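no sequence on hand, only this structure:
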């Protein structure tokens, strides 16, 4: 998955699509039983793409499961230039304390909150609060879903909307 | 998930890898500020010859267990 995505990123970059960031989901098992940093290093080296093109996404619960191994490997990966995103933010049984301890770049607001826009006032306030918190922690925000937004219907379905650019 | 079901998914999944039924789909990420595509998320999809598109929820857990 990682290798295939890196190969595809190279093909797109060769066609002129530079400056974009591509995200790959990772599981806690990849960090606990394997060396994720090494897998990423190899995929980057084989494809020849810069690390800045790649983002790794892990869910909140995945992050909790990987524990200290996640912290160490995310530090190594970020030192390479890879970005780290938290997936399904706001839905896991997790502690907010990780936000100050972990090297992170992006929070992805779970679709269930995004779907509250514009009809559910409480849900919208949660989204506003997450955005405000993320920005004050110098994190970028990504909203999952967003297919109901009329301007996004062009993308047909499963459109993720970047509230603030990630590059 | 019971182990019998889990094993049959694992066998089918190994077959799927061999027959290149696993595809990567890219979900665009759009900047609200500029309206431009800033990147994409890579998502694995299993295109089964008879079952059609198999939902990731059905096989991701098994795939991770069998790493």
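Okay, I see it. Because the structure is predicted, anything quoted here is derived from the model rather than measured.

chain B: helices as residue ranges?
With helices called from DSSP state H, chain B shows them at B:3-18, B:56-65.

name the helix or strand for residue A:12, please.
helix A:2-14 (DSSP states H and E).

quick one: is that helix near chain B?
Yes. Using Cβ under 8 Å from any Cβ of the partner chain, we find that helix A:2-14 touches chain B at A:4, A:5, A:8. No exception for glycine: its C-beta is placed from N, CA and C like everyone else's.

what bridges to the residue nearest to the second one when sequence neighbours are not counted?
Spelled out, it's residue A:5. Residue nearest to residue A:5 in three dimensions, not counting chain neighbours: residue B:42, with 4.3 Å by Cβ to Cβ, 6 or more residues apart in numbering or on different chains. Note on residue B:42: beta-bridge partners by DSSP bridges are residue A:24, residue B:26.

show me the beta-bridge partners of the most centrally placed residue in chain A.
Centroid-nearest residue in chain A: residue A:85, 2.9 Å away (criterion: Cα atoms, centre = their mean). With DSSP bridges applied, residue A:85 shows beta-bridge pairing to residue A:57, residue A:106.

so it makes contact with residue A:109?
No. With contact defined as Cβ atoms under 8 Å, residue A:85 does not count as touching residue A:109 (11.1 Å).

joint contacts of these two?
Common neighbours of residue A:85 and residue A:109 (criterion: Cβ atoms under 8 Å, 6 or more residues apart in numbering or on different chains): residue A:142.

about what we covered before: which of the residues of helix A:2-14 next to chain B sits closest to chain B?
Closest approach between those and chain B, by Cβ to the nearest Cβ: residue A:5, at 4.3 Å.

list the contacts for the closest one?
Counting by Cβ under 8 Å, 6+ apart, residue A:5 has contacts A:22, A:24, A:43, A:54, B:24, B:42.

where's the dip in pLDDT among the residues you listed?
Across the set of those, residue B:24 stands lowest in pLDDT, at 89.

check contacts around the residue nearest to residue A:5.
A:1, A:4, A:5, A:8, A:22, A:23, A:24, A:25, B:24, B:25, B:26.

swap in residue B:21?
Neighbours of residue B:21 in contact, by Cβ under 8 Å, 6+ apart: B:15, B:46, B:47, B:48, B:49.

the fourth one: neighbour count?
Counted with other Cβ atoms under 10 Å in any protein chain shown, the burial measure for residue B:48 works out to 15 neighbours.

quick one: mean pLDDT over the helix holding residue A:12.
Helix A:2-14 shows a mean pLDDT of 94.

pull out the buried residues from it.
By neighbour count on 16 or more other Cβ atoms under 10 Å in any protein chain shown, the buried set for helix A:2-14 is A:2, A:4, A:5, A:6, A:7, A:8, A:9, A:12, A:13.

chain center to that helix, what's the gap?
Between the centre of helix A:2-14 and the centre of its chain there are 18 Å (Cα atoms, centre = their mean, to the nearest Å).

cool, stretch B:26-44 as well?
That offset, for stretch B:26-44, works out to 19 Å (Cα atoms, centre = their mean).

same deal with stretch B:17-33?
Centre-to-centre, stretch B:17-33 and its host chain are 9 Å apart (Cα atoms, centre = their mean).

just give the nearest non-adjacent residue to the residue in chain B positioned nearest to chain A, would you?
Residue of chain B nearest chain A, by Cβ to the nearest Cβ: residue B:39 (3.8 Å). Residue nearest to residue B:39 in three dimensions, not counting chain neighbours: residue A:21, with 3.8 Å by Cβ to Cβ, 6+ apart.

returning to what we had before: tell me which of the helices of chain B sits most buried.
Most buried of the helices of chain B, by mean neighbour count (mean count of other Cβ atoms under 10 Å in any protein chain shown): helix B:56-65, with a mean of 15.
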